[in-house]
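Asks: I would like to see how this sequence folds:
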Amino acid sequence: MFKLKQVVAFTALMATAAASYAAVEADKRPINELYQNALREGGIVTVYAGGDTPGQQDGIKQAFEKRFPGMKLNVIVDYSKFHDARIDNQLATKTLVPDVVQLQTLQDYPRWKKEGVLLNYKPIGWDKVYPAFKDKDGAWTGVFVDAFSNVVNTKLIAENAWPTEANDYLRPDLKGSIVLTYPNDDDAVLFWFKQVVDKYGWEYVAKFKEQNPVYVRGTQAPADDVESGKSAATFSTDGALAPDQNANSRFVLPKSDPFVSWAQRAAIFKQAKHPESAKLYLSWLLDKETQSNVWYMWSVRTDVAPPAGYKPIWEYKNTSPQAFADFMSDRAAVESFRAQIGLYLGEVKGEPSPGHLGLHPKEALPH
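Replies: Next up, the predicted model:
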């Protein structure tokens with residue numbers, strides 16, 4: 001009888017858990033209702049966002065605060081690998097700062113879900129998010145698609161000579177003029193090399209080293225250096241699909257070699273101090289207007305077309321957002337490959353580009 005009671009109790013527990021997941025439906029409230037709730041809650045939302053410089057998310061901040069007067073988006077940028085460690089420590093010490101976490105370290109989200117620290121929430125627009133870019137229970141969702149590939153200075157290199165494929169970066173005319181984020185400092189850049197090594201072997205890395213690239217920390221610096229003409233080209237950053245016609249640089253996809261893409265994931269913590277504000281922020285990020293006009297690369301929504309000349313990211317045969325997610329999930333393999341790359345290209349040097357934020361940053365560093 002005792003064992004029967006245990007079975008009945010366990011079955012009831014599982015049914016309750018399943019019902020709780022099933023009960024999480026996409027938010028259908030008007031976004032202005034979320035806005036008013038957020039104002040009553042205090043009008044602030046704090047986001048730990050992966051990035052490279054303190055002001056890298058200022059465009060997002062300004063667009064959000066313009067759309068919702070009286071709200072403050074407190075977005076704090078650091079390398080994702082620092083933010084996730086910081087969050088783990090804050091959770092362990094019960095000192096959590098952010099309401100929302102928005103990072104490149106995709107492997108953290110299933111783990112945090114398993115640990116029970118994420119709030120199951122399906123933002124407004126959930127049904128339009130490409131299925132592979134969201135957790136079925138609403139623990140996290142992709143909020144924009146990022147991709148690292150070629151960025152070329154159009155003043156320094158003629159269009160018919162723009163480097164687009166991996167072997168182009170071995171050309172003699174590019175020696176000393178390539179800028180590169182340390183691949184052992186950024187997992188997306190590391191994955192670019194992993195795909196190239198899988199295709200061309202380690203001989204490629206040995207030859208690339210002889211090109212004397214300029215190494216930098218963070219992925220904003222390569223974009224800035226190519227735009228300014230300090231360097232001619234890079235493959236270790238992103239760029240606008242519809243560029244400013246006055247810009248000196250262009251983002252260019254390869255035709256055959258692989259490039260790196262992923263959906264940056266975001267989630268709300270159960271311990272969030274401003275849960276309604278966090279829901280407003282995620283719903284606004286997924287809003288069709290935001291996905292169309294604020295973000296500069298691909299949308300995670302199936303009903304937002306990319307700029308002319310581009311396909312939806314999931315239609316490219318030479319990239320796979322899921323492949324990057326799979327790479328990130330095998331940490332032993334990542335660390336093994338990172339150590340080997342370091343043997344070829346050297347160890348990371350220099351100060352972190354976002355600055356030193358400490359254990360509990362509550363505001364963006366001055367910039």
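Asks: Show me the strands in the stretch 1-150 of the chain, by range?
Replies: Here the stretch 1-150 of the chain has its strands, by DSSP state E, counting those that start in this stretch, at 44-50, 72-78, 100-103, 141-153.
Asks: what mean pLDDT does the shortest one have?
Replies: Confidence over strand 100-103, taken as the mean pLDDT, stands at 98.
Asks: what helices or strands is it leaning on?
Replies: Under the contact definition 3 or more Cβ pairs under 8 Å, 6 or more residues apart in numbering; DSSP states H and E, strand 100-103 sits against strand 44-50, helix 80-92, strand 260-268, helix 275-286. Quick note: C-beta positions are derived from backbone N, CA and C, even for glycine.
Asks: Redo those as TSV? Include mean pLDDT and distance to residue 120.
Replies: Shown next, in TSV, are the helices and strands packed on strand 100-103 (pLDDT from 0 to 100; distance: least, Cβ to Cβ, whole Å):
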stretch	mean pLDDT	distance to residue 120
strand 44-50	98	18
helix 80-92	98	17
strand 260-268	98	9
helix 275-286	98	12
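Asks: Can you lay out the ones you listed as TSV showing distance to residue 236 and mean neighbour count?
Replies: Listed next are the helices and strands packed on strand 100-103 as TSV, based on distance: least, Cβ to Cβ, whole Å; neighbours: other Cβ atoms under 10 Å:
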stretch	distance to residue 236	mean neighbour count
strand 44-50	15	24
helix 80-92	15	18
strand 260-268	9	26
helix 275-286	25	26
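Asks: With respect to residue 167, which of those lies nearest?
Replies: Residue 167 lies closest to strand 260-268 among the helices and strands packed on strand 100-103, at 17.3 Å (Cβ to Cβ).
Asks: Pairing partners for the closest one, with directions?
Replies: strand 100-103 (antiparallel), strand 141-153 (antiparallel) (DSSP bridges).
Asks: Can you read off the pLDDT for residue 17?
Replies: So residue 17 comes in at 43 (pLDDT).
Asks: one step back: just say which of the strands of the stretch 1-150 of the chain is most tucked in.
Replies: strand 100-103 (a mean of 26; mean count of other Cβ atoms under 10 Å).
Asks: And that one, how far out from the chain middle?
Replies: In terms of Cα atoms, centre = their mean, to the nearest Å, the centre of strand 100-103 is found 9 Å from the chain centre.
Asks: what does it rub up against?
Replies: 45-50, 80, 83-84, 87, 108, 143, 264-269, 272, 278, 281-282 (Cβ atoms under 8 Å, 6 or more residues apart in numbering).
Asks: Once you drop chain neighbours, what's closest to residue 366?
Replies: residue 54 (7.3 Å; Cβ to Cβ, 6 or more residues apart in numbering).
Asks: Quick check on that neighbour: phi, psi?
Replies: The phi/psi pair for residue 54 (degrees, to the nearest 10) reads phi -60, psi -30.
Asks: again with residue 237
Replies: phi -160, psi 180.
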